[in-house]
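K.L.:
Requesting a structural model of the entry that follows:
(chains A and B)
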2 protein chains.
Amino acid sequence: MNTPSRLEDLIGSLRCLPGVGPKSAQRMAYHLLQRDKPGALRLARALDRAVDGIRHCAKCNNFSEEEVCDLCRSLKRDPALLCVVEMPADLLMMEQAQCYRGMYFVLMGRLSPLDGIGARELHLERLVKRALEQPCEVILATNFTAEGEATAHYVATLLHAQGVRVSRIARGVPVGGELEHVDSGTLAQAVLERREVAE
Amino acid sequence: MNTPSRLEDLIGSLRCLPGVGPKSAQRMAYHLLQRDKPGALRLARALDRAVDGIRHCAKCNNFSEEEVCDLCRSLKRDPALLCVVEMPADLLMMEQAQCYRGMYFVLMGRLSPLDGIGARELHLERLVKRALEQPCEVILATNFTAEGEATAHYVATLLHAQGVRVSRIARGVPVGGELEHVDSGTLAQAVLERREVAE
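P.N.:
Below you'll find the predicted structure:
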């Protein structure tokens, strides 16, 4: 069929987005070309600028445009608390719950051997180094999924070996649920009820 | 919160894609930045090239990189048949069904007063002009939805006024269904059983 090759390129390129299959990609391409060319150009610019200008904060590993992000530089945060989350979205949820004033470390994933994501891919050695920089309690706020729990267990073992105090947010978060989707109240409760992980 | 502004830009820009809400946009942005920066840059290039290089074929109104698309220039197609479809995806389905060897006219939409899409937005005057260029039967292959049916009825009225012979693909396509999602056999049957629209 005589689909213009630039259109085929665009449809193929849209499939790099997670959850976008061939039909969705086609619909997106048609929509952009037919109804929202300015949006398409804006998106192209935003992609370039993001890839070019966004890196990982040297302290918390979250996305940042600076060497060290605003939150890590803030003097209002409690440096004696270090909360470990899987993704930036989880950090945002924690902040929205307004239940926590400490620092963060963002794993940018979870242990997932099937996807080839092990301890090295999560930069856990950086987390350990970060936790040892100054005495602090590490609060594990990974998801209560199988992979999140495995990650929490693994991180706790690593940190205990270094004599770091480790706690886990309370199981107020529904079992099998993901942090990104719980309400702020539940999350706040879970932080309040965090319990130390036995060695 | 201290989300980098380039990240916010990217998340906002991704929302120009149809069916992408705030959470999906966030997930897409994280995925691209964390796991597929080459994909992000490829997408940016594809968007630029598509917006820059894709226009509408002067004859069939489909997307094309040329003034007149390959299909309209082909000598193997029957110029006495003109099939009217809503979207390029419908044209592709027709071609995949291998039941039709005539020409096309792509409306790039359907009459939808609630969305502000009327006869002018669909360039129906171009369709009429195209149908009068040479004697032909116009086959209406718009969807069997309320809007698709209304569009077919409106187009039939316009063309009848000019003395053009008009037919509608058979109601083998499930009522309420959309062309893009039916199987090739059903679609082929519907083309075979097309019936003339009474004046």
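K.L.:
For residue A:72, give me phi and psi.
P.N.:
phi -70, psi -30 (degrees, to the nearest 10).
K.L.:
what residues go with each domain of chain A?
P.N.:
A:5-53, A:56-168 (automatic domain parsing).
K.L.:
and the ones you listed, which one's lowest on average pLDDT?
P.N.:
Lowest mean pLDDT within the domains of chain A: domain A:56-168, at a mean of 90.
K.L.:
Make JSON lines from the domains of chain A and add mean neighbour count and distance to chain B to it.
P.N.:
(Glycine included, C-beta is placed from N, CA and C.) Converted to JSON lines, the domains of chain A look like this (neighbours: other Cβ atoms under 10 Å in any protein chain shown; distance: least, Cβ to the nearest Cβ, whole Å):
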{"stretch": "domain A:5-53", "mean neighbour count": "19", "distance to chain B": "3"}
{"stretch": "domain A:56-168", "mean neighbour count": "18", "distance to chain B": "4"}
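K.L.:
mind checking which of the ones you listed is nearest residue A:184?
P.N.:
Distance to residue A:184, taken as Cβ to Cβ, is lowest for domain A:56-168 among the domains of chain A, at 4.2 Å.
K.L.:
Skip the chain neighbours and tell me the closest residue to residue A:89.
P.N.:
residue A:180 (4.8 Å; Cβ to Cβ, 6 or more residues apart in numbering or on different chains).
K.L.:
before we move on, the earlier item: mind putting the domains of chain A in TSV, distance to residue B:84 included?
P.N.:
What follows is the domains of chain A, written out as TSV (distance: least, Cβ to Cβ, whole Å):
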stretch	distance to residue B:84
domain A:5-53	17
domain A:56-168	45
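K.L.:
the helices in chain A, which residues?
P.N.:
A:5-14, A:22-35, A:37-53, A:70-73, A:88-97, A:124-132, A:146-160, A:184-192 (DSSP state H).
K.L.:
surely residue A:56 meets residue A:67?
P.N.:
No - counting by Cβ atoms under 8 Å, residue A:56 stays clear of residue A:67, with 9.8 Å between them.
K.L.:
Work out which residue lies at the spatial centre of chain A.
P.N.:
Nearest to the mean C-alpha position of chain A, counting by Cα atoms, centre = their mean, stands residue A:87 at 1.0 Å.
K.L.:
out of everything not next to it in sequence, what's closest to that one?
P.N.:
residue B:30 (6.4 Å).
K.L.:
got it, and residue A:18?
P.N.:
Among residues not flanking residue A:18 along the chain, residue B:31 sits closest, at 4.6 Å (Cβ to Cβ, 6+ apart).
K.L.:
got it, and residue A:67?
P.N.:
residue A:58 (5.5 Å).
K.L.:
what's that neighbour sitting at in phi/psi?
P.N.:
Residue torsions, per degrees, to the nearest 10, at residue A:58 are phi -70, psi -20.
K.L.:
Kindly provide the distance from it to residue A:159.
P.N.:
Relative to residue A:159, residue A:58 is positioned 20 Å away (Cβ to Cβ, to the nearest Å).
K.L.:
With residue A:166 instead?
P.N.:
Counting by Cβ to Cβ, the gap from residue A:166 to residue A:159 is 5 Å.
K.L.:
intersection of neighbour lists for these two?
P.N.:
The contact sets of residue A:166 and residue A:159 overlap at residue A:138 (Cβ atoms under 8 Å, 6 or more residues apart in numbering or on different chains).
K.L.:
Off-centre distance for stretch A:90-106?
P.N.:
Using Cα atoms, centre = their mean, to the nearest Å, the mean C-alpha position of stretch A:90-106 is found 11 Å from that of the whole chain.
K.L.:
isn't residue A:94 right next to residue A:184, touching?
P.N.:
No - under the criterion of Cβ under 8 Å, residue A:94 makes no contact with residue A:184, lying 9.5 Å away.
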